[in-house]
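Colleague: for reference, the sequence and a predicted model appear below.
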Amino acid sequence: MPVHHLDTCELGVGDAPKLRIARVVTGLWQVADMERQAGRALDADTAADAMVEYVDAGFHSFDMADHYGTSELITKRCLEKLRARGDGAKVPEVFTKWCPQPGAMTAEAVRAGVQARLDRLGVAAVDLLQFHWWQYEHLAYVDAARELGKLQQEGLVRHLGLTNFDTDHLRVVNASGAKVCSNQVCFSLLDRRAAGAMTEYCLQHGVKLLCYGTLGGGFLSEKWLGAPEPTPAERDAFTWSQAKYYRFVEGIGGWAVLQGILEAAAGVAKKHNVSVSNVATRWVLEQPAVAAVLVGARLGESEHRADNAKVFSFAFDADDHAAIGAALQAAKTLPGDCGDEYRRPPFLTASGDLTHHLTQLPQYYTATPTRGGRRSLVDSGTSWEIKAGFARATRQGDVIHVSGTTATHGDDPVCEGDPHGQAVFALDKIVASVAALGGTREDIIRTRIYMTGDTLAQWEGVAEAHGRYLWDVRPANTLIGVHSLVGPYDVEIEAEALVAPQPAPPAEDAATRQQ
């Protein structure tokens, strides 16, 4: 079996020992697809043997998740087989994910989530645990980050990463006691969102990007070069991955734009005697904050190790960058930030609109009716709401008023000394309050931002955080400089919302109810 020598890099922040990983990481998300198609779990021994072949061939870093079928159990068997050989074989680096449903993130709940990963992997510590959170307005993500930071200190988690976090909430988590070394996000010639604010933040704070979607569901390959756009019937037969990334193609401008990118990539590929897929992958690897790309594997069915290793046989020169850059000028940048496709329109996912799923998630705050049900209010749990006699938010009729809100979680400040991060968390609390009272982010019609004079020079970061949060809502807004705020806060935000009326039911439904 040929052994491929992959480039490597280090993950890690602070003084802790670093984790050296391959810059091409083998992703095991297709285990779930294979098991769904087969209607049963994969044979652990057979799949583990396939993993061992990857390790022996030089592909020694693996990514999995709690919801990727039995991928963690297969990895446990792989580790057992490598230890049993006793020949000093390379011990692979194992990345897994914890993706809990929003809920109370107590110390016990977080420890249980991590312990489940340890048990399924058969290890005493996870090399890299990556945390995902569905809904930022469920503020327990801060509790989870704090508890994960404690488990890092305890040694159960060697390195902590995030997955599909946007830049603003990466900032909040990083200030919450967790030492974040990576964020796993989509990054490709089709999706360049990570090249903006995300890259800037990561370079400033030593966070690395682990990138999936680099081949755009296979659209960034010779197969589609010069091919006609798939018909509706052909699109109906797409795999989940193809369905997802076809939405990306539409988002950047359509099939003609994709063809322009493929033609430019084909020119670079011919020059270096590699594939279009190699060029697409290499382009991502050469982005400044990127540590590695993730390439999926169908264990025991097929493997493309030799071709994947070719990404290290060449590098872009100035002409290559210019050719790809010229093609990308015709492409739109997808809206929003990393991970937004799972949380807000236009929902660039295989299944499309996720609004129904998101609305079924539990809310962080609970509304309490008062005044005989004519008014409802929300408390956020800070002691001053009772002492000073106010509510975090109130609703009467269709109008919601949210009190001046700071980055306080319970009675603890969040992102102390960072006005930008404080604005993000205050907006999380505002949206959570509006949601508890039956409104949505889209119902917000007015915000007022107060900043202290000594931090007013940082107003642009605060305003941009507001813009990223509400870019598609665009409420009326005022930003005011004040001498000081009560407590260790630099930013306070208040808001008003007008709850949109629910659409009238179809006529036949109304008639049915009258019968």
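Modeller: Nice, thanks for sending it over. None of the values given here were measured: they were computed from a predicted structure. Residues are numbered from 1 along each chain as shown.
Colleague: now the nearest residue to residue 316 once chain neighbours are set aside: how far from residue 268?
Modeller: Leaving aside its sequence neighbours, residue 316 sits nearest to residue 286 (Cβ to Cβ, 6 or more residues apart in numbering; 5.7 Å). For every residue, glycine as well, the C-beta is placed using N, CA and C. Using Cβ to Cβ, to the nearest Å, one gets 12 Å for the distance from residue 286 to residue 268.
Colleague: need the residues touching each of these two.
Modeller: Jointly contacting residue 286 and residue 268 under the rule Cβ atoms under 8 Å, 6 or more residues apart in numbering are residue 316.
Colleague: more crowded one of those two?
Modeller: Legend: neighbour count by other Cβ atoms under 10 Å for residue 286 and residue 268, higher for residue 268 (23 against 13).
Colleague: next, that one: phi, psi?
Modeller: Note on residue 268: backbone dihedrals following degrees, to the nearest 10 are phi -70, psi -40.
Colleague: quick one: it and residue 279 touch, right?
Modeller: Yes. Applying Cβ atoms under 8 Å, one finds residue 268 in contact with residue 279, separated by 4.8 Å.
Colleague: common neighbours of those two, please.
Modeller: By the contact definition Cβ under 8 Å, 6+ apart, residue 268 and residue 279 are jointly contacted by residue 324.
Colleague: returning to that earlier point: for the residue nearest to residue 316, give its distance to residue 391.
Modeller: Between residue 286 and residue 391 the computed distance is 52 Å (Cβ to Cβ).
Colleague: what do you get for residue 192?
Modeller: Separation of residue 192 from residue 391 (Cβ to Cβ) stands at 43 Å.
Colleague: and for residue 212?
Modeller: 42 Å.
Colleague: also residue 475?
Modeller: 21 Å.
Colleague: higher neighbour count, those two?
Modeller: residue 391 (20 against 17).
Colleague: so the more buried one: helix, strand or coil?
Modeller: At residue 391 the chain is in coil, as set by DSSP: H, G, I helix; E, B strand; the rest coil.
Colleague: which parts of the stretch 51-200 of the chain are helices?
Modeller: Ranges of helices in the stretch 51-200 of the chain, per DSSP state H, counting those that start in this stretch, are 71-85, 107-121, 140-154, 167-174, 197-205.
Colleague: grab the most central residue of this structure for me.
Modeller: Note on the chain: the residue nearest the mean C-alpha position is residue 164, at 0.6 Å, using Cα atoms, centre = their mean.
Colleague: wait, it sits on residue 337?
Modeller: No. Here residue 164 does not reach residue 337: they are 10.1 Å apart, not a contact under Cβ under 8 Å.
Colleague: quick one: the helices in the stretch 301-450 of the chain?
Modeller: In the stretch 301-450 of the chain, the helices defined using DSSP H, counting those that start in this stretch lie at 305-309, 318-328, 355-359, 383-387, 419-436.
Colleague: can you lay out these as JSON lines showing distance to residue 26 and mean neighbour count?
Modeller: Converted to JSON lines, these look like this (distance: least, Cβ to Cβ, whole Å; neighbours: other Cβ atoms under 10 Å):
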{"stretch": "helix 305-309", "distance to residue 26": "9", "mean neighbour count": "17"}
{"stretch": "helix 318-328", "distance to residue 26": "26", "mean neighbour count": "15"}
{"stretch": "helix 355-359", "distance to residue 26": "29", "mean neighbour count": "12"}
{"stretch": "helix 383-387", "distance to residue 26": "50", "mean neighbour count": "11"}
{"stretch": "helix 419-436", "distance to residue 26": "34", "mean neighbour count": "27"}
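Colleague: among those, which is nearest residue 454?
Modeller: Using Cβ to Cβ as the measure, helix 419-436 is the one of the helices of the stretch 301-450 of the chain that comes nearest residue 454, at 10.1 Å.
Colleague: elements contacting that closest one?
Modeller: Counting contacts by 3 or more Cβ pairs under 8 Å, 6 or more residues apart in numbering; DSSP states H and E, helix 419-436 is packed against helix 167-174, strand 393-396, strand 399-405, strand 444-452, helix 459-470, strand 491-498.
Colleague: possible to save the ones you listed as JSON lines with mean pLDDT and distance to residue 421?
Modeller: Converted to JSON lines, the helices and strands packed on helix 419-436 look like this (pLDDT from 0 to 100; distance: least, Cβ to Cβ, whole Å):
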{"stretch": "helix 167-174", "mean pLDDT": "96", "distance to residue 421": "5"}
{"stretch": "strand 393-396", "mean pLDDT": "97", "distance to residue 421": "22"}
{"stretch": "strand 399-405", "mean pLDDT": "97", "distance to residue 421": "14"}
{"stretch": "strand 444-452", "mean pLDDT": "98", "distance to residue 421": "13"}
{"stretch": "helix 459-470", "mean pLDDT": "95", "distance to residue 421": "8"}
{"stretch": "strand 491-498", "mean pLDDT": "98", "distance to residue 421": "9"}
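Colleague: quick one: those as JSON lines, columns for distance to residue 356 too.
Modeller: Shown next, in JSON lines, are the helices and strands packed on helix 419-436 (distance: least, Cβ to Cβ, whole Å):
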{"stretch": "helix 167-174", "distance to residue 356": "23"}
{"stretch": "strand 393-396", "distance to residue 356": "23"}
{"stretch": "strand 399-405", "distance to residue 356": "23"}
{"stretch": "strand 444-452", "distance to residue 356": "21"}
{"stretch": "helix 459-470", "distance to residue 356": "22"}
{"stretch": "strand 491-498", "distance to residue 356": "21"}
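Colleague: redo those as a markdown table? Include mean neighbour count.
Modeller: Below are the helices and strands packed on helix 419-436 laid out as a markdown table (neighbours: other Cβ atoms under 10 Å):
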| stretch | mean neighbour count |
| --- | --- |
| helix 167-174 | 24 |
| strand 393-396 | 22 |
| strand 399-405 | 21 |
| strand 444-452 | 20 |
| helix 459-470 | 18 |
| strand 491-498 | 24 |
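Colleague: to residue 55, which of the ones you listed lies closest?
Modeller: Per Cβ to Cβ, nearest to residue 55 of the helices and strands packed on helix 419-436: helix 167-174, 30.9 Å.
Colleague: ok, residues contacting the closest one?
Modeller: By Cβ under 8 Å, 6+ apart, the residues outside helix 167-174 that reach it are 131, 133, 136, 141-142, 145, 162, 165, 180, 183, 197-198, 201, 205, 207, 337-338, 414-415, 418, 420-421, 424-425, 428, 465, 468-469.
Colleague: show me which of those residues are buried.
Modeller: Among these, those classed as buried by 16 or more other Cβ atoms under 10 Å are 131, 133, 136, 141-142, 145, 162, 165, 180, 183, 197-198, 201, 207, 337-338, 414-415, 418, 420-421, 424-425, 428, 465, 468-469.
Colleague: OK, contacts around residue 242?
Modeller: By Cβ under 8 Å, 6+ apart, the contact set of residue 242 is 217-219.
Colleague: by neighbour count, which of those residues wins?
Modeller: Neighbour max across these (other Cβ under 10 Å) = residue 219, 25 neighbours.
Colleague: all good on my end, thank you.
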